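Chemist: Coordinates for the following, if possible.
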Amino acid sequence: MRSSSALETPMMKQYLAIKKTQPNAMLFYRMGDFYELFLSDAEKAAPLLDITLTTRDKGKSDPVPMCGVPVHSADGYIKKLAELGHRVAICEQVEAAAGGKRLLRREVVEVITPGLVGDPAGLESRSEVAVLAIVGPPANEDWGLASLEVSTGDFRTTRVTGSGEQAEGLLLEEIQRVAPREILLREQERESYGDRLAERLPGVALTVVAAEMFDSASAPVCPDGFDPDSTAAEMRAAAAVLSYLGRNQPAALAHAPRLRPYRLGESMVLDAATRAHLELFENAEDRGRQHTLIDLLDRASTPLGSRRLSRWLRYPLVDPVRIAGRQDAVAYLA
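Modeler: Numbering: from 1, shown residues only. Coordinates of the predicted model:
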């Protein structure tokens, strides 16, 4: 146990009070030009980020473990932790420094989760990073899902009609096609098919959220396309995504994107086995991107373009009119 003197400085008291509000996240505590991590957060983060673990108050008998990263290069470190399945709470100084030694007020301004990474510079900027919510029986007769790709603002929802093994199979296939980094679900869904999700989607974070977040009427905002009076499964899933975004990154709600519904029959459905056999996104050797179809095709000039091309490849059009329209648009730009 840490000595009381090491933890009872004004700064550490403030840190511990803020950390108490974010027990499941690594707290990036702003101190000047650095984000500092303390105690167990520092001990976990240092080896993951390959940074030095040091201590605070080295002269004391039981110093506090700490590590830090520069603010100007923090995006890459934050994204790496999110990709490893961790949550990161960003705690900023919310008042300007003045003369004297008065402790500055600090607050958590946003929480980065595996599916709410945004678009910082970092690894795999060409890949989509989505958070997805699912809801199904007995709350609704059908299954509904909604996904949000934060960096592009692509907010979509769809429905899988029916129940039983066949409907669950279609739902799992669609979730694999979306390839989210994080899935939101209620406790009852976690208990009923969480193991299957974990098996089919290794490395994806499964986040249990409160059931009331799936109430359409309680959504914090109503963007175009969203109906707060609807009890449809897909609308309830969309409400959960909006509520989750509002709780973790409230500033993003001011630019909540339009909700765009889609039907599974609008595009060619390529199941997981077909995608793997054709090596569309992962090669058979090391599951990397090299020597895949997307690697061959992707000559986009920006990460946004690469993500859009990836979406098109995951959802091949089947309507000749829409196919011709896309070809005409590409021809015009070329």
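
Chemist: Can you tell me how far the most centrally placed residue in the chain is from Ala146?
Modeler: Nearest to the geometric centre of the chain sits Gly115, at 0.8 Å (CA atoms, centre = their mean). Using CB to CB, to the nearest Å, one obtains 12 Å as the distance from Gly115 to Ala146. From N, CA and C alone the C-beta is placed, and that goes for glycine too.

Chemist: can you pull out the helices in the stretch 201-334 of the chain?
Modeler: Taking DSSP state H, counting those that start in this stretch as the test, the helices found in the stretch 201-334 of the chain are 233-248, 272-278, 293-297, 303-314, 320-333.

Chemist: Please give the element, helix or strand, for Cys91.
Modeler: Counting by DSSP states H and E, the element that carries Cys91 is strand 88-93.

Chemist: Gly162 too?
Modeler: Gly162 belongs to no helix or strand, assigned by DSSP H and E.

Chemist: Do you have the strands of the protein handy? List them.
Modeler: Ranges of strands in the chain, per DSSP state E, are 26-31, 34-38, 54-56, 64-70, 88-93, 106-112, 130-135, 143-149, 154-160, 182-185, 205-208, 259-261.

Chemist: so can I have TSV of these showing mean pLDDT and distance to Asp229?
Modeler: Putting the strands of the chain into TSV (pLDDT from 0 to 100; distance: least, CB to CB, whole Å) gives the following:
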stretch	mean pLDDT	distance to Asp229
strand 26-31	95	39
strand 34-38	94	42
strand 54-56	84	53
strand 64-70	93	45
strand 88-93	94	34
strand 106-112	93	29
strand 130-135	92	17
strand 143-149	92	16
strand 154-160	93	16
strand 182-185	93	22
strand 205-208	91	26
strand 259-261	94	14
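
Chemist: Find residues that contact each of Gly115 and Ala146.
Modeler: Residues touching both Gly115 and Ala146 by CB atoms under 8 Å, 6 or more residues apart in numbering: Leu132.

Chemist: quick one: low-confidence parts of the stretch 201-334 of the chain?
Modeler: Residues of the stretch 201-334 of the chain meeting the criterion pLDDT under 70: none.

Chemist: at 90 instead, please
Modeler: 201-205, 231, 249-257, 264-277, 280-290, 299-315, 333-334 (pLDDT under 90).

Chemist: follow-up on the earlier one: so which of the strands of the chain comes closest to Leu278?
Modeler: Minimum separation from Leu278 across the strands of the chain (CB to CB) falls at strand 130-135, 21.7 Å.

Chemist: Which other helices and strands does the closest one contact?
Modeler: With contacts taken as 3 or more CB pairs under 8 Å, 6 or more residues apart in numbering; DSSP states H and E, strand 130-135 sits against strand 143-149, helix 164-178, strand 182-185, helix 233-248.

Chemist: circling back: out of the helices of the stretch 201-334 of the chain, nearest to Phe214?
Modeler: helix 233-248 (4.5 Å).

Chemist: For that closest one, which residues meet the burial criterion?
Modeler: Buried residues in helix 233-248, counted by 16 or more other CB atoms under 10 Å: 233-246, 248.

Chemist: same question, stretch 173-193
Modeler: Buried, per 16+ other CB under 10 Å, within stretch 173-193: 173-186, 188-190, 193.

Chemist: hang on, the earlier thing: with just CA atoms, put the strand holding Cys91 into PDB.
Modeler: C-alpha atoms of strand 88-93 as PDB (Å, rounded to 0.1, in the frame of the first residue of the first chain):
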ATOM      1  CA  VAL A  88      -8.300   6.400 -22.300                       C
ATOM      2  CA  ALA A  89      -9.700   9.300 -20.400                       C
ATOM      3  CA  ILE A  90      -8.200  12.700 -21.500                       C
ATOM      4  CA  CYS A  91      -8.000  15.000 -18.500                       C
ATOM      5  CA  GLU A  92      -7.100  18.600 -19.400                       C
ATOM      6  CA  GLN A  93      -6.300  21.800 -17.500                       C
END
